[in-house]
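S.K.: need coordinates for the following:
(one chain, ligands or ions: 1)
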Amino acid sequence: MTSPDAGGHAARHERAKRVIPGGVNSPVRAFQSVGGAPIFVKSAHGPYLVDADGREFIDFVCSWGPMILGHAHPSVIEAVTRTAASGTSFGACTESETELAEMVRDCVPSVEKVRLVCSGTEATMSAVRLARGYTGREKIVKFRGCYHGHGDSFLISAGSGAMTFGNPSSPGVTKGSAQDTLLAEYNDLDSVRALFQANADTIAAIIVEPVAGNMGVLVPEPGFLQGLRDLCDGKRTLLIFDEVITGFRLGLAGAQGFYRVTPDLTCLGKIMGGGLPMAAYGGRADIMDMLSPVGPVYQAGTLAGNPLATAAGLAQLRELRKPGFYETLNKRAETWEMEMRSALAGLKTPWCLNRVGSLMTVFFCAGPVRDYESALKADAGLYGRFFHAMLDQGIYLAPSQFEAAFLSAAHDDGVMGRTLEAVRRAISRI
Ligand code: HOZ
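M.R.: Down below sits the predicted model:
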C-alpha cells in the first residue's frame with residue numbers, strides 16, 4: 001500500500017538517492033521497513049507536519065522526541081530568530097551556555113557539572129570515554145536492542161535503525177571495539193551479574209536507556225534500574241543513563257526522577273535543544289572534572305554550545321518548567337493509552353501496548369514485550385500495513401515497528417479524537 005501522493009514523494013526520493021545514500025541522512029527516514037517512498041516535509045506547526053505537496057499530517061514522530069511543545073512553538077521560534085540576528089556561532093564562551101548548564105543542573109539532581117555537545121551520539125561516546133578515563137578500565141556493558149547513537153562501541157546488537165534494517169552489528173566496527181562491549185539482556189539482572197563475574201574489575205561502565213525507546217518502548221521492570229545501581233556500587237563501575245529520549249520527557253528530572261535511581265553520568269539530547277542540534281553529558285563533579293582542560297580526558301567541539309541551539313533549548317526548558325506541564329501531558333498520555341487499547345480491541349491478531357509517560361509503542365505480537373527477543377517477535381509486515389493505513393488518513397507514525405510514538409503538548413483532544421478514529425478504520429483494513 002502506498003500513500004495517495006507517493007508519486008511526488010517517489011520522484012523526490014529518486015532525486016535524493018542520486019546524491020545522498022538511500023536518499024536520506026538518517027536511515028530510519030527511508031521507509032525501507034514499511035515500504036513506499038518517504039514523505040518530504042516542507043514545514044510543521046503544532047502537532048502537524050506539512051509535506052512538499054501541502055498535505056497535512058498529525059505527527060507522532062515529533063522529530064524523534066525533541067518537539068515536546070509541538071512544532072514551531074512561538075517561544076522557541078522567537079528565541080532562535082532573535083539570537084540569529086546577533087550571529088550564529090562564535091566558537092567562544094557565551095553566558096547563555098552557563099545559563100543552560102545551570103538549568104540542566106537544577107532540573108537533574110545527579111548532574112553537578114555538564115558539558116554541552118551537538119548530538120546524542122556525541123554525548124554517549126564522550127560519556128563512555130570519560131568513564132574509561134576515570135576508572136582506567138576498558139569494557140562497557142550495554143543491553144541488546146538499546147541504541148546509544150552510532151558510536152563504534154554501541155553498534156553491537158543495537159536498536160533503532162540498526163534493528164529495523166537487520167544489521168544490529170555494523171561492519172566497520174573493529175574487533176577491538178566489539179570485544180570491549182559486553183552484551184546483557186534488558187530487564188535481566190542475572191545476565192549483568194554473569195558479565196561482572198566473568199570480567200571482574202575490567203568494566204568501566206554500564207550504559208542503559210532507563211526506559212528502552214529504540215526497540216520500541218520497553219518498560220523497566222521493578223528493581224531492574226536499582227539492581228544496576230547496586231551492581232555498580234562497590235565495584236568502581238559507573239552507571240550511565242542514556243536519557244537522550246527520556247530526559248525532560250518523563251519529567252524535568254527524566255527517568256532518574258521518575259524511577260528514583262541515581263546514575264553517575266547522564267546523557268541528554270533531543271528535548272534540551274528545542275529541535276536544534278544540542279545534547280549534553282553530565283554527572284558527579286569529580287568525574288566531570290576529569291575532562292580537559294581540567295583533567296586529561298579529551299573532548300571538544302567547534303559548534304558545542306552553539307548560540308542558536310542554546311537559545312532554543314533555554315526557551316523550550318523554560319516552558320517545560322511552568323507548573324503543571326508534565327502533569328497535563330502525562331494525564332493526556334494516560335487517556336491516549338486507554339483509548340488506544342479500546343480502539344485496538346477490534347484487532348483479530350495479538351498486540352501489546354507499552355507506555356511510559358508520553359512515550360508509547362504498539363507491538364503487533366503477543367505480550368509481554370520486555371526485552372530484545374520479545375520485541376523481535378513483533379510482526380513488522382503488519383506494522384507496515386498499519387503504518388500506511390494511518391498515513392493514508394493523514395497520521396504520521398514512526399516508519400518502523402522498533403521506535404516510539406511521541407506525544408506533544410500540542411496533541412489536544414481534537415487531534416487525539418481524529419487519530420483514534422483513524423486507528424479504528426486502519427485496523428479494519430489491515
Ligand atoms: N531512534 C532514533 C533516535 N533515537 C531515530 C532517529 C534517527 O536515527 O534518525
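S.K.: buried set for stretch 422-430?
M.R.: Neighbour-count burial for stretch 422-430, counted by 16 or more other C-beta atoms under 10 Å, picks out Ala422, Val423, Ala426, Ile427, Ile430. C-beta coordinates here come from the backbone N, C-alpha and C atoms, glycine included.
S.K.: let me see the contact set for the fourth one.
M.R.: Read that as Ile427. Ala343, Leu344, Gly346, Leu347, Phe386, Ala389 (C-beta atoms under 8 Å, 6 or more residues apart in numbering).
S.K.: okay if I get those as CSV plus pLDDT and secondary structure?
M.R.: Shown next, in CSV, are those (pLDDT from 0 to 100; DSSP: H, G, I helix; E, B strand; the rest coil):
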residue, pLDDT, secondary structure
Ala343, 95, helix
Leu344, 95, helix
Gly346, 89, coil
Leu347, 94, coil
Phe386, 98, helix
Ala389, 98, helix
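S.K.: which one of these is nearest the ligand?
M.R.: Among the contacts of Ile427, Phe386 lies closest to the ligand (C-beta to the nearest ligand atom), at 18.6 Å.
S.K.: so that closest one sits against Ala426, correct?
M.R.: Yes - at 5.6 Å, Phe386 counts as touching Ala426 under the criterion of C-beta atoms under 8 Å.
S.K.: any low-confidence regions in the chain?
M.R.: Residue ranges of the chain with pLDDT under 70: 1-6.
S.K.: how about the residues of it by the ligand?
M.R.: Applying C-beta under 6 Å from any ligand atom, one finds that the chain approaches the ligand through Ser26, Val28, Trp64, Tyr147, Ser160, Gly161, Asn214, Ile245, Glu403.
S.K.: dump the residue contacts of the last one.
M.R.: Taking C-beta under 8 Å, 6+ apart as the contact definition, Glu403 lies against Val28, Val61, Trp64, Ser160, Thr164, Gly213, Asn214, Gly216, Thr361.
S.K.: just to revisit the earlier point, which ones among the buried residues of stretch 422-430 are found in helices?
M.R.: Within the buried residues of stretch 422-430, residues falling in helices by DSSP state H are Ala422, Val423, Ala426, Ile427.
S.K.: now the first one, nearest residue through space, not along the chain?
M.R.: Closest residue in space to Ala422, ignoring its immediate chain neighbours: Gln393 at 4.1 Å, by C-beta to C-beta, 6 or more residues apart in numbering.
S.K.: the one you found: how many residues sit nearby?
M.R.: Counted with other C-beta atoms under 10 Å, residues neighbouring Gln393 total 18.
S.K.: next one: Arg115
M.R.: When neighbours are defined as other C-beta under 10 Å, Arg115 has 22 of them.
S.K.: so it: helix, strand or coil?
M.R.: What DSSP: H, G, I helix; E, B strand; the rest coil gives for Arg115 is strand.
S.K.: which ones are touching it?
M.R.: Ser126, Ala280, Tyr281, Gly282, Met288, Leu291, Gln299, Ala304.
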